[in-house]
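Novice: Generate coordinates for the sequence data below:
(4 chains)
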Amino acid sequence: MIKVQEEDFDIGTELAAMTDGNHAVGGQGCFVGLVRDMANAEQISAMTLEHYPGMTEKQLASIEQEARSRWPLQDVLIIHRYGRLEPGDRIVLVATTSAHRDAALESCHFLIDWLKTKAPFWKLETSETGENWVAARDSDDDAADRWGSDAT
Amino acid sequence: MIKVQEEDFDIGTELAAMTDGNHAVGGQGCFVGLVRDMANAEQISAMTLEHYPGMTEKQLASIEQEARSRWPLQDVLIIHRYGRLEPGDRIVLVATTSAHRDAALESCHFLIDWLKTKAPFWKLETSETGENWVAARDSDDDAADRWGSDAT
Amino acid sequence: MQLLYFGWVKTRIGKGRESLDPPAEIADVRTLVEWLKQRGDGYQSALEDLTAIRVAVNQEMTDLDAPITVGDEVALFPPMTGG
Amino acid sequence: MQLLYFGWVKTRIGKGRESLDPPAEIADVRTLVEWLKQRGDGYQSALEDLTAIRVAVNQEMTDLDAPITVGDEVALFPPMTGG
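Specialist: Next up is the predicted model:
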């Protein structure tokens, strides 16, 4: 399931909804990304996430499908926020359920790695010195690449 | 932090407590283990976890320390339940926070792999055919071994 | 043709969206971008370094060689920074 | 000496804990286990396959060659199945 939203989310509610009543789940992996207060030694007061409505949902759905094709997953959840966030705010939640722990944890790692470079979001950081678009990092490309390329 | 308890836990509350007020956290990884309703093609009605009070807490603390020595973690939480559980019930929660996503996710994977073979718990499955102690699996030993051996 | 800009491409061009009618001979993204660069300093600055530009046509990722036609939605943006 | 049994070791011996005074010449876990096996069929069955037995002395993991003394807490159990 894909959710692209401005509002915060409740991790406990979201994770419980994936497992309630499904007694075939042996493991649930999850990752939560949060806004840090420091970037390049500068104090950040806000991070504004811009995205490409329409394409974002399609890309996230495609990334979900890719994860499902690679691991035996029972459920996949991606929640990605946009708009103005502050340090400590949650940005993104990815969670997967599987009969097996390796599938759950590896697929979470895959999802967040691919989101970094393949989900159409752009981050604008606000600090004392002004506004600054966050640059894509080579290390994020490398992290995405280690999973190989899209099957499609 | 280590908690060994009979009661269930609330994932949302536990995860939020690790990040609230700490604006240096960039990523939080977590894994939840649940009781499955099938084992070796048999329907399971209950799983009873026995543990070694005193030693359990020591072992979990030692596993937490090992994770902290291997990754730059800001916080580590391990909650492990004991007693009688039913299919769908939560057994264990591991969660870590770090400035970086790789550290958070890899350390969660490490923690659950080591818990499987190094935490003094034993599982008794109840099915229609009676009670059966869950046998340790070679694949769990292999999973623990891939992280190398204890530094101590 | 609907044109969308995101991230610093948007900031430099000074708008996030516009509707334009490029000349009929513009048949791929690369020639569209060259045409846009002649529209002013903002476009010139935004589209100067083509290695930093990512392209989506009708909400699908593609590249500068992608063919385009009148009714397409073409988006130009820097590398994505999701997650 | 406090003896603790878990998992199927406990089930086969028929109890989870007991206090015993082994003879003075029993100075390591291996000889303790051999002595226990003479106490009855339950012990014999539980401790038959030593490769399946794990050992903790005073709540620290160790092995059959570990030395033991009178006041120790010795635990015998199958491989752990946590998580």
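
Novice: Of all residues in chain C, which one is nearest the centre?
Specialist: With distances taken as CA atoms, centre = their mean, residue C:76 lies nearest the centre of chain C, 3.6 Å away.

Novice: Show me where the chain has its helices.
Specialist: In the absence of a named chain, this looks at chain A. A:11-19, A:55-70, A:101-118, A:138-145 (DSSP state H).

Novice: Please refer instead to chain C.
Specialist: C:7-13, C:29-37, C:41-46.

Novice: For those, please prepare TSV with the additional fields mean neighbour count, mean pLDDT and distance to residue A:28.
Specialist: Where C-beta positions appear, they are placed from N, C-alpha and C, glycine not excepted. TSV is the format used below for those (neighbours: other CB atoms under 10 Å in any protein chain shown; pLDDT from 0 to 100; distance: least, CB to CB, whole Å):
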stretch	mean neighbour count	mean pLDDT	distance to residue A:28
helix C:7-13	21	98	34
helix C:29-37	18	97	42
helix C:41-46	17	97	43
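
Novice: now residue A:80, nearest residue through space, not along the chain?
Specialist: residue A:92 (5.0 Å; CB to CB, 6 or more residues apart in numbering or on different chains).

Novice: right, and that neighbour touches residue A:33 too?
Specialist: Yes: under the contact definition of CB atoms under 8 Å, residue A:92 touches residue A:33, with a separation of 4.2 Å.

Novice: shared neighbours of the two, anything?
Specialist: Counting by CB atoms under 8 Å, 6 or more residues apart in numbering or on different chains, the shared contacts of residue A:92 and residue A:33 are A:112, C:83.

Novice: is any part of the helix-or-strand element of chain A with minimal mean pLDDT close to chain B?
Specialist: Ranked by mean pLDDT, DSSP states H and E, the helix or strand of chain A with the weakest confidence is strand A:38-39, at a mean of 83. Yes: residues of strand A:38-39 contacting chain B under CB under 8 Å from any CB of the partner chain: residue A:38.

Novice: So what are the sheet partners of that strand and their directions?
Specialist: The strands beside strand A:38-39 in its sheet (DSSP bridges) come out as strand A:42-51 (antiparallel).

Novice: how close does the residue lying farthest from the centre of chain A get to residue A:44?
Specialist: The outermost residue of chain A relative to its centre, with distances by CA atoms, centre = their mean, is residue A:129 at 28.1 Å. Per CB to CB, to the nearest Å, residue A:129 is found 11 Å from residue A:44.

Novice: Equivalent analysis for residue A:78, please.
Specialist: 24 Å.

Novice: quick one: which of the two has more around it?
Specialist: residue A:78 (23 against 19; other CB atoms under 10 Å in any protein chain shown).

Novice: who in chain A is up against chain C?
Specialist: Residues of chain A lying close to chain C (CB under 8 Å from any CB) are A:33, A:50-52, A:54-55, A:58-59, A:80, A:91-92, A:112-113, A:115-123, A:133-136, A:140.

Novice: Got a quick ChimeraX command for the buried subset of those residues?
Specialist: Only the buried entries of the residues of chain A next to chain C go into this ChimeraX selection, using 16 or more other CB atoms under 10 Å in any protein chain shown:
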select /A:33,50,51,52,55,58,59,80,91,92,112,113,115,116,117,118,119,120,121,122,123,133,134,136,140
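
Novice: Could you pick out the residues of chain C near chain B for me?
Specialist: residue C:83.

Novice: quick one, strands of chain C?
Specialist: Here chain C has its strands, by DSSP state E, at C:2-5, C:17-19, C:54-57, C:60-62, C:73-77.

Novice: closest one to residue D:22 among those strands?
Specialist: Closest to residue D:22 of those is strand C:60-62 (CB to CB; 72.7 Å).

Novice: That closest one: how far from the chain's middle?
Specialist: In terms of CA atoms, centre = their mean, to the nearest Å, the centre of strand C:60-62 is set 12 Å apart from its chain centre.

Novice: So in that sheet, which strands flank it, and in what orientation?
Specialist: strand C:54-57 (antiparallel).

Novice: Could you list the buried residues of the strand it pairs with?
Specialist: Those would be C:54, C:55, C:56, C:57, for strand C:54-57 by 16+ other CB under 10 Å.

Novice: And for stretch C:64-82?
Specialist: C:64, C:66, C:68, C:73-82.
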